[in-house]
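A.B. asks: From the sequence below, what's the structure:
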Amino acid sequence: MSETIRTALKLITKQDTDTNIMTVLSVDKQNGTCTCDDGFITHTDVRLSAIIDEKAQKLYVIPKVGTTVLVTPIEASYNLQFVAMASEVEEFYLGIDQVVFDVTKEGFLLKKENETLRTIMLDLLTAIKAIKFTTNVGPTIALVNAAQFTGIENRIKDFLKAD
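C.D. replies: Residues are numbered from 1 along each chain as shown. A predicted model of the protein is given here:
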């Protein structure tokens, strides 16, 4: 069915409200779009954000496939629609220039340029675990509480996801 026919059918069966409840069929994270179904028509290229452009600033609330979303047309055009709200979120992504904040069930990613918070914290723990002190009787040879730092390291790995 052509896009023109879909649009015409949608306008003929237009409800009192412009916002519709739809089911997410698929998500294209790369392009910031998804495909949704309202029970009658499959809507392609539904935006995950009202504004999608080539700029480095992006905010996406990525819905889980198979869940319901509220889809709203932009400027009353059913060729330009965006997800206004999702019943279940798979991922939250915020990108501002070289800074990324990404949240999934695997954890959090906080990245600035080529550095991540996870890498910085793990590098710090590696340095702490390798630390040596000179005492009156010579250098220390073992970190007494190494297991405690290893426990903290594992907690960081579980909490912050890798890039």
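A.B. asks: What count of nearby residues applies to residue 94?
C.D. replies: Per other Cβ atoms under 10 Å, the neighbour tally for residue 94 reads 14. C-beta coordinates here come from the backbone N, C-alpha and C atoms, glycine included.
A.B. asks: Pretty sure it sits against residue 59.
C.D. replies: Yes. Using Cβ atoms under 8 Å, residue 94 is in contact with residue 59, at 5.2 Å.
A.B. asks: Break down this protein into its helices, ranges please.
C.D. replies: 3-12, 117-129, 146-159 (DSSP state H).
A.B. asks: Any buried residues in the longest one, and which?
C.D. replies: Within helix 146-159, the residues scored as buried using 16 or more other Cβ atoms under 10 Å are 149, 153, 156.
A.B. asks: pLDDT wise, what is residue 64 at?
C.D. replies: We have a pLDDT of 97 for residue 64.
A.B. asks: For it, list the residues it contacts.
C.D. replies: 24, 86, 88-90 (Cβ atoms under 8 Å, 6 or more residues apart in numbering).
A.B. asks: Adding neighbour count, distance to residue 38 and pLDDT as columns, could you present these in JSON lines?
C.D. replies: As requested, the contacts of residue 64 are arranged in JSON lines below (neighbours: other Cβ atoms under 10 Å; distance: Cβ to Cβ, whole Å; pLDDT from 0 to 100):
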{"residue": "24", "neighbour count": "24", "distance to residue 38": "11", "pLDDT": "98"}
{"residue": "86", "neighbour count": "18", "distance to residue 38": "15", "pLDDT": "96"}
{"residue": "88", "neighbour count": "12", "distance to residue 38": "18", "pLDDT": "97"}
{"residue": "89", "neighbour count": "16", "distance to residue 38": "20", "pLDDT": "96"}
{"residue": "90", "neighbour count": "16", "distance to residue 38": "20", "pLDDT": "96"}
